[in-house]
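Peer 1: fold the following.
(chains A and B, ligands or ions: 1)
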Amino acid sequence: MSGRTPDAKAADTGLKAWLTTRDHKRIGIMFLVATTAAMALGGVFALLLRLELLMPGETIVDPMTYNRLFTLHGVTMVWLFMIPVIPSGFGNYLLPIMIGARDVAFPRLNLASFYIYLVGAAITLAGMYFGAADTGWTFYVPYSTTSAAALVPVLLGVFTLGWSSVLTGINFIATVHTMRTEGLGWMRMPLFVWTVYGTSIIQVLVTPVLGMALMLIGFDRLLDWGIFDPARGGDPVLYQHLFWFYSHPAVYIMILPAMGVISDVVCAFARKNPFSYEAIVWSTMGITFVGLLTWGHHMFTAGMSTFGAGAFGILSMLVAIFSAIKVFTWVGTLYKGSIALDTPLLYVLAFLFLFIFGGMTGVAVATTSLDVHWHDTYFVVAHFHFIMVGGTISAFLAALHYWLPKLSGRRYPERLGRLGAAGVFVGFNLTFVPQFLLGNRGMPRRYFDYPPAMHTLNAISTVGSWVLGASMLFIASYLLRSLLRGEPAGDNPWGAAGFEWRTSSPPPVHNWTGEPPFERGAYDYTEGSPALEGARDE
Amino acid sequence: MSEAHFESAERQADAARLGMWAFLVSEVFLFAGLFTLYGAYRAAWPEAFAEGVRHGAKMLGSLNTVILITSSFAVASSLRALQEDRPRVALRWLLGTLALALGFLAVKAVEYHGHVHEGILPGGHGHHFATLSAPAGQAAFFTLYYVMTGLHALHVVAGAAVLAWLAWRLHTGALDARRAHVLSNGALYWHLVDCVWIVLWPLFYLTGGQA
Ligand SMILES: [Cu+2]
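Peer 2: Numbers count the residues shown, from 1 in each chain, chains lettered A, B, ... in the order given. Prediction:
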């Protein structure tokens, strides 16, 4: 503390200054680094899984190792990467700037949330590695209460990660309500802020239910309390209800902020206001709340009444309507826009394709009669990878390219960016389209083997995973190089109207020098807009 | 200590209050999963659950209800005293609240001890269940009893820790009328602890019907 002003301390670039920072921008960057590392790890597990499935029979690992690998893959990707990456990473960095604030409402809590994430991630990974967890990321009873693996550490790890999620959610809710700058009403907030706000509500509501469910499994394993054990009056299906009450809305924790990214990027690259701001806002709130009531669609085959299945099916389709409203709005925004096909927009287009494809197959599996056939097959695996992974990854990459100049003040090479985007798109489809076909033919998920008749499609899928993996590596390499040696970007390289582009890139310690210049809207591309002052190179 | 980035102290108090409410909602959802289990299992085993409730320590449970409601009154009085700028009075009410919290835990300990003595342990363990011809329903009831009242007791401990910290700050003068919203947030948390108990009380002590 040695008598320095807080600003000087905040501008300090030493390691200690970073680790003790309360600056939301630094915390956001630390979250981005940690979650991206987790993605790389989860990706390696995925490549190993696909390698095993290259040939029928045992290829590189035995069946038990395979079980451990898909557990590692699922848990890492869901809780270490997809849940926190956009809200805690980009959300932390951008949300305060986008509402003209100098920080989040509770900066110390924000830093705590990051450390809780780190501790949770460490416990989870070490727990899975040393405990040999083999249940998949769903921890279904009775297998999770009887498996010979040590599960308590990983349960504790995920429980801890949940706290990070809840605290970030609380922080963002309070921030959006109380920290908006003078004159920034709710219906003038950037759409990304709306989606992160909706996500925060979901995080606060559902995460504790998961925590409780995992804790009950922990009690069973440690103390033999058997709360889901039928011999002791329990019901294993109730575990599934509690689990999916969290884990279905968790999909919206991943996809809602992704939709926010898409909404902002699409406007910047069509140089237009959104086709309908209100439609995106209200469909965001619709997904936030209706999404809480659809979890039962994971359990159509687990013994559910016809009425219950019908209700859950229809509610699930309602979410598809909200999503479709968004898709039409994005497409409407592009229509007659002044389109620049830069890398972020390419990822938006990829997102649209993957999201529509994934969404339509989602409506298909929400139809109970069809789901009975597809349940627990690769069809479902392909469906949720299209939505969760296709959606989240393409939005993540769009965000990374769009906001890299904001975070670093540097540009990435546009040509390499386009090449990377093409590689990701081809690799992704090559990996997952065959899985729809395999699932439709009845290949069950989570098996390390398959009949020789399914070899070709599995081989294509594995080759696709290599294309995807190589593309990600390629993207990582040029982005890292740009961070160190990229061209200076200037404050607003895209000529975007978004509020976050109205301060320097990267922004000063407290985001703004003087009052945030928010008189013109965040999507205002008409005459005299601040966007037009930005130099947009063609 | 102060986060200088707020427009005004009022805004900061607003943010803290809203944050606390959001936290309370998440706490409610933490219990919600257990209430769901209770509802489902009671529907599956209505007789065994009624029997379990009749077996419960009705007097001790009800005594604890009185204790907690009184403590909620005490913490509210403490807040009011602080808002009227009478910190010594506020401290006395707060210490009273703390004493009641400890009293609650003592009663709870007596109650648990009694059950353990009767051979009623979580997970259908203990000799009580060996005497039953069909122990499954009662096993579920008492496991839930231990989990739900235990989790609640944990919240009482956490709440008491918060109250103790607030009392210390009142004592040192760090907490004064201008920062009454901090005490208000602590009181809110304590009210939640009280509210959860008021739902647990009928579920585990009252709704057994006539034997
Ligand atoms: Cu779902």
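Peer 1: pLDDT score for the nearest residue to A:A270 once chain neighbours are set aside?
Peer 2: Nearest residue to A:A270 in three dimensions, chain neighbours excluded: A:G337, at 2.7 Å (Cβ to Cβ, 6 or more residues apart in numbering or on different chains). Bear in mind the C-beta positions are built from the backbone N, C-alpha and C, glycine included. Looking at A:G337, its pLDDT reads 90.
Peer 1: count of neighbours near A:G337?
Peer 2: 18 (other Cβ atoms under 10 Å in any protein chain shown).
Peer 1: can you pull the contacts of it?
Peer 2: By Cβ atoms under 8 Å, 6 or more residues apart in numbering or on different chains, A:G337 lies in contact with A:F269, A:A270, A:R271, A:K272.
Peer 1: taking chain B, what residue is nearest to chain A?
Peer 2: Residue nearest to chain A within chain B (Cβ to the nearest Cβ): B:A140, separated by 2.9 Å.
Peer 1: mind checking pLDDT for that residue?
Peer 2: Looking at B:A140, the pLDDT reads 96.
Peer 1: in contact with it: list those residues for me.
Peer 2: Counting by Cβ under 8 Å, 6+ apart, B:A140 makes contact with A:I227, A:R232, A:G233, A:G234, B:Y41, B:A44, B:W45, B:A48.
Peer 1: are we agreed that the fifth one is in a strand?
Peer 2: No: counting by DSSP: H, G, I helix; E, B strand; the rest coil, B:Y41 falls outside a strand, being helix.
Peer 1: in space, what's closest to it - neighbours in sequence excluded?
Peer 2: Per Cβ to Cβ, 6+ apart, closest to B:Y41 is B:A140, 4.7 Å.
Peer 1: element containing the one you found, please.
Peer 2: In the assignment (DSSP states H and E), B:A140 maps to helix B:136-172.
Peer 1: rewinding a little: most surrounded residue in the contacts of B:A140?
Peer 2: Highest neighbour count within the contacts of B:A140, by other Cβ under 10 Å: A:G234, with 30 neighbours.
Peer 1: now that one, nearest residue through space, not along the chain?
Peer 2: Nearest one to A:G234, counting by Cβ to Cβ, 6+ apart, is A:F228 at 4.4 Å.
Peer 1: tally of neighbours for that neighbour?
Peer 2: A:F228 has 26 nearby residues by other Cβ under 10 Å.
Peer 1: same check, this time on the one 10 residues further on
Peer 2: When neighbours are counted by other Cβ under 10 Å, A:L238 registers 21.
Peer 1: before we move on, what about B:G173?
Peer 2: So B:G173, with other Cβ under 10 Å, has 8 neighbours.
Peer 1: isn't it up against B:P87?
Peer 2: Yes: shown here, B:G173 and B:P87 form a contact pair, counting by Cβ atoms under 8 Å, at 7.3 Å.
Peer 1: all helices of chain B, in order?
Peer 2: Using DSSP state H, the helices of chain B run over B:9-44, B:46-55, B:58-83, B:87-117, B:127-130, B:136-172, B:180-201.
Peer 1: what about A:A268, distance to A:Y402?
Peer 2: As judged by Cβ to Cβ, to the nearest Å, A:A268 and A:Y402 stand 7 Å apart.
Peer 1: swap in A:P274?
Peer 2: Taking Cβ to Cβ, one finds A:P274 at 16 Å from A:Y402.
Peer 1: higher neighbour count, those two?
Peer 2: Higher neighbour count among A:P274 and A:Y402: A:Y402, with 25 against 21, using other Cβ under 10 Å.
Peer 1: can you pull the contacts of that one?
Peer 2: So A:Y402 contacts A:V261, A:D264, A:V265, A:A268, A:P344, A:W494 (Cβ under 8 Å, 6+ apart).
Peer 1: take the residues you listed and write them to TSV, including pLDDT.
Peer 2: What follows is the contacts of A:Y402, written out as TSV (pLDDT from 0 to 100):
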residue	pLDDT
A:V261	97
A:D264	96
A:V265	97
A:A268	95
A:P344	97
A:W494	93
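Peer 1: rewinding a little: OK, contacts around the residue nearest to A:G234?
Peer 2: A:V141, A:P142, A:T145, A:L216, A:I217, A:D220, A:G234, A:D235, A:P236, A:L238, A:Y239.
Peer 1: cutoff 7 Å now
Peer 2: Shown in contact with A:F228 (Cβ atoms under 7 Å, 6 or more residues apart in numbering or on different chains): A:V141, A:T145, A:G234, A:D235, A:P236, A:L238, A:Y239.
Peer 1: ok, the residues you listed vs A:G514, which is closest?
Peer 2: Distance to A:G514 across these (Cβ to Cβ) is lowest for A:Y239, with 54.7 Å.
Peer 1: next helix or strand past the helix or strand where A:I253 lies?
Peer 2: Assigned by DSSP H and E, A:I253 belongs to helix A:236-270. Heading C-terminal from helix A:236-270, the first helix or strand you meet, by DSSP H and E, is helix A:277-290.
Peer 1: now the angle from the very next helix or strand once past that following helix to helix A:236-270?
Peer 2: Note on helix A:277-290: by DSSP H and E, the next helix or strand toward the C-terminus is helix A:306-334. Inter-element angle recorded for helix A:306-334 and helix A:236-270: 10 degrees (by axes from the mean of the first three to the mean of the last three Cα atoms, to 10 degrees).
Peer 1: buried set for helix A:306-334?
Peer 2: For helix A:306-334, a neighbour-count test (16 or more other Cβ atoms under 10 Å in any protein chain shown) marks A:309, A:311-313, A:315-316, A:318-320, A:322-323, A:325-327, A:329-330, A:332-334 as buried.
Peer 1: keep these, but drop any that are not near chain B.
Peer 2: Filtering the buried residues of helix A:306-334 for proximity to chain B by Cβ under 7 Å from any Cβ of the partner chain leaves nothing.
Peer 1: any regions of the chain where pLDDT drops low?
Peer 2: Unless you meant another one, I'm taking chain A. Low-confidence segments of chain A, defined by pLDDT under 70: A:1-11, A:530-538.
Peer 1: ah, no, chain B please
Peer 2: Residues of chain B that meet the cut-off, pLDDT under 70, sit at B:1-5, B:211.
Peer 1: ok, which residues in it are in contact with chain A?
Peer 2: B:3, B:5, B:11, B:14-15, B:18-19, B:22-23, B:25-26, B:29-30, B:32-34, B:37, B:40-41, B:44-45, B:122-124, B:136-137, B:139-140, B:143, B:147.
Peer 1: of those, select the buried ones using a PyMOL command.
Peer 2: Burial among the residues of chain B next to chain A is assessed by 16+ other Cβ under 10 Å; the matching PyMOL selection reads:
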select buried, chain B and resi 3+5+14+15+18+19+22+23+25+26+29+30+32+33+34+37+40+41+44+45+122+123+124+136+137+139+140+143+147
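Peer 1: residues near the residue lying closest to B:L192 once chain neighbours are set aside, how many?
Peer 2: Spatial nearest neighbour of B:L192, excluding adjacent residues (Cβ to Cβ, 6+ apart): B:L24 at 5.0 Å. Residues lying near B:L24 (other Cβ under 10 Å) number 16.
Peer 1: nearest to chain B: which residue in the stretch 251-400 of chain A?
Peer 2: The minimum distance from the stretch 251-400 of chain A to chain B, using Cβ to the nearest Cβ, falls at A:L292 (10.4 Å).
Peer 1: show the contacting residues for the nearest residue to that residue once chain neighbours are set aside.
Peer 2: Leaving aside its sequence neighbours, A:L292 sits nearest to A:P249 (Cβ to Cβ, 6+ apart; 5.7 Å). Contacts were defined as Cβ under 7 Å, 6+ apart; by that measure A:P249 touches A:I202, A:V206, A:G291, A:L292.
Peer 1: the first one - nearest residue in space that isn't next to it in sequence?
Peer 2: This points to A:I202. Distance criterion Cβ to Cβ, 6+ apart; nearest residue to A:I202, sequence neighbours excluded, is A:P249 at 4.9 Å.
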